[in-house]
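A.B. asks: Below: sequence and its predicted model.
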Amino acid sequence: MRGANRPLQPGNGGPGSFRTGLLMFLFFLGMSVFWTLKPIRKGLFIGHFKDNPIELFGTVLGGAKLEQAAKLSIVLLALVVGVAVPYLIKRFALREIIAAVCGLSAAGLLISSRIVDVPGGAFVWLFYALGDFVNSFVITLLWMLLHNSLSPSRARSTYGAIGIGTVSGGLAGSLFIYLGIESLGRGNVIALSALPAAAIGLIGYSIACRISDRPESIGNCFASSSSPKAEDESAEASALGFWRKTIGRSVVPRYWLGIALLVALYEISSGIIDFQLSVAVEGIAAQGVERESYFGLIGQVQSLVALIVQVFVTGWVLKRWGVGIALMILPFATLFGSVGFLLLPTLTSAMFLSISDNALNYSVNQSAKETLYVPAETEERIAAKSIIDIFVQRVAKAAAMVLNLLLVSSLGPESVRWLTVLAIVLIVMWIAVARYTGRKFNLLSLDNTEAT
């Protein structure tokens, strides 16, 4: 990882620059789409299959329980995407992948907007998967774009600013859903979501021409992105090649495995929290789009808290205390909330736990976690981020879903409360991994500084 990054040079972007402002705007658009689609896909799925349960593996499932199975079904898609992204970027360049993914996302949303008001079960399931694809893939590509422009020291300050765009977008998207879903309807809201998705593709392509994954092509938007060297190295640069190298020969295998564990432990514990909230919301009286509006309200509060934390806490913690301390804020807060839900398993405590979980994840934890990727070489970072943020994340979600379904199926809905015991054990492990990974990041950043 020594000498890995090519940081932005003076006059070529940086904190406070026009380009940084554009990147903040891109993350604002991306998260506004995320928080617009999340309540719709979740509320639509739970509402449709609560009234139309299906038999799966010999068990009748519906509503929040069937949602767990739906999350399992998109793990295979995540595996294909995670393995393919590094190869595609080597062949076509990051800017072209961004444009293609955003174009396909916008087209899928426009088509969905025409069908969503008279949905069948197959469409509801496919739209759930489409929303996950758009939400996760677009944001992952934007982080890749940003990573390729920063040194570890600059990342600590810049990611705080980028985080403000991220949480502001989440607030805007959730507020849009809360205020507009009943008057506009699902179809019009989904159609409007296609506009920022398309804008991300256009602006992201333009920025990637200058903050490039290929230094030799910076400033040339239309240069060919493939080369014999890139094709020859595609197998080694692939996600599977990366993991073979990491497990077998890499000098820092524990660092990458540490990041993977951070993501996995968070996603499993967060999946348990999300399921507990879904079960609680499913039990309230709701008609039409009321569940989407309710989830939108929760998302609005989450985003508002995240914005406050990002503006007043994240930058200060990263600069004053460093990445290691920042990584431990979320697990300690989640541990506190989980103990509260275990003692008092109500809708209010489930909401409090979910809000603190998501608000801190999308602010201080997101900025700290993304900073961990910066000391790596570009190709290694792209492969690592693809497999961790797309595949490992989905596998961890799937593990949470299996645990949720097994416990509830065997013990009944009232057992949701006791999932918290497992979550607490995982959170303690998460704290230990965060402590180790933060220390390793400091050593790698020091090596990078000495090398340059």
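C.D. replies: Received the coordinates, thanks.
A.B. asks: any idea which helix or strand carries residue 55?
C.D. replies: Per DSSP states H and E, residue 55 falls inside strand 54-56.
A.B. asks: tell me the mean pLDDT for the next helix or strand along the chain from that strand?
C.D. replies: For strand 54-56, the following helix or strand on the C-terminal side (DSSP H and E) is strand 59-61. Average pLDDT, strand 59-61: 75.
A.B. asks: And the next helix or strand after strand 59-61, how far out from the chain middle?
C.D. replies: Using DSSP H and E, the helix or strand that follows strand 59-61 towards the C-terminus is helix 63-73. Chain-centre distance of helix 63-73: 19 Å, with CA atoms, centre = their mean, to the nearest Å.
A.B. asks: Next, the buried residues of the helix or strand following helix 63-73.
C.D. replies: With elements assigned by DSSP H and E, the helix or strand that comes after helix 63-73 is helix 75-92. For helix 75-92, the neighbour count (16 or more other CB atoms under 10 Å) marks 75, 77-79, 81-83, 85-90, 92 as buried. To be clear about C-beta, it is placed using only N, CA and C from the backbone, and glycine gets the same treatment.
A.B. asks: Run the chain-centre distance for helix 75-92.
C.D. replies: 16 Å.
A.B. asks: Output the contacting helices and strands for it.
C.D. replies: If contacts are counted by 3 or more CB pairs under 8 Å, 6 or more residues apart in numbering; DSSP states H and E, helix 75-92 sits against helix 94-115, helix 121-147, helix 228-232, helix 234-237, helix 239-248, helix 378-386, helix 393-411.
A.B. asks: Just the element for the residue nearest to residue 138 when sequence neighbours are not counted, please.
C.D. replies: Nearest residue to residue 138 in three dimensions, chain neighbours excluded: residue 30, at 5.4 Å (CB to CB, 6 or more residues apart in numbering). Take DSSP H and E as the rule and residue 30 turns out to sit in helix 18-51.
A.B. asks: okay, the angle between that helix and helix 94-115?
C.D. replies: Counting by axes from the mean of the first three to the mean of the last three CA atoms, to 10 degrees, helix 18-51 lies at 40 degrees to helix 94-115.
A.B. asks: mind checking how far the spatially closest residue to residue 130 that is not a sequence neighbour is from residue 394?
C.D. replies: Once flanking residues are discounted, residue 130 sits nearest to residue 108: 5.2 Å by CB to CB, 6+ apart. Distance check for residue 108 against residue 394: by CB to CB, to the nearest Å, it reads 19 Å.
A.B. asks: between those two, who's got more neighbours?
C.D. replies: Per other CB atoms under 10 Å, whichever of residue 108 and residue 394 has more neighbours is residue 394, with 23 against 19.
A.B. asks: Apart from its chain neighbours, what residue comes closest to that one?
C.D. replies: Nearest residue to residue 394, sequence neighbours excluded (CB to CB, 6+ apart): residue 78, at 3.5 Å.
A.B. asks: cool, and residue 101?
C.D. replies: residue 137 (5.7 Å).
A.B. asks: same deal with residue 421?
C.D. replies: Excluding the flanking residues, the one nearest residue 421 by CB to CB, 6+ apart is residue 342, at 6.9 Å.
A.B. asks: Likewise for residue 50?
C.D. replies: residue 63 (3.7 Å).
A.B. asks: Any regions of the chain where pLDDT drops low?
C.D. replies: 1-16, 56-58, 82, 86, 149-157, 211-252, 282-293, 378, 409-414, 447-452 (pLDDT under 70).
A.B. asks: for the residue nearest to residue 394, what are its contacts?
C.D. replies: 136, 390, 391, 393, 394, 395 (CB atoms under 8 Å, 6 or more residues apart in numbering).
A.B. asks: Now tabulate those in a markdown table and tack on distance to residue 130.
C.D. replies: As requested, those are exported to a markdown table (distance: CB to CB, whole Å):
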| residue | distance to residue 130 |
| --- | --- |
| 136 | 11 |
| 390 | 15 |
| 391 | 18 |
| 393 | 17 |
| 394 | 15 |
| 395 | 20 |
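A.B. asks: which two in those are spaced the farthest apart?
C.D. replies: Greatest spatial distance among these (CB to CB): 136 and 395, at 13.0 Å.
A.B. asks: any chance you could map the strands in the stretch 251-400 of the chain?
C.D. replies: Taking DSSP state E, counting those that start in this stretch as the test, none of the stretch 251-400 of the chain falls into strands.
A.B. asks: What is the burial count for residue 118?
C.D. replies: Burial of residue 118 is recorded as 8 neighbouring residues (other CB under 10 Å).
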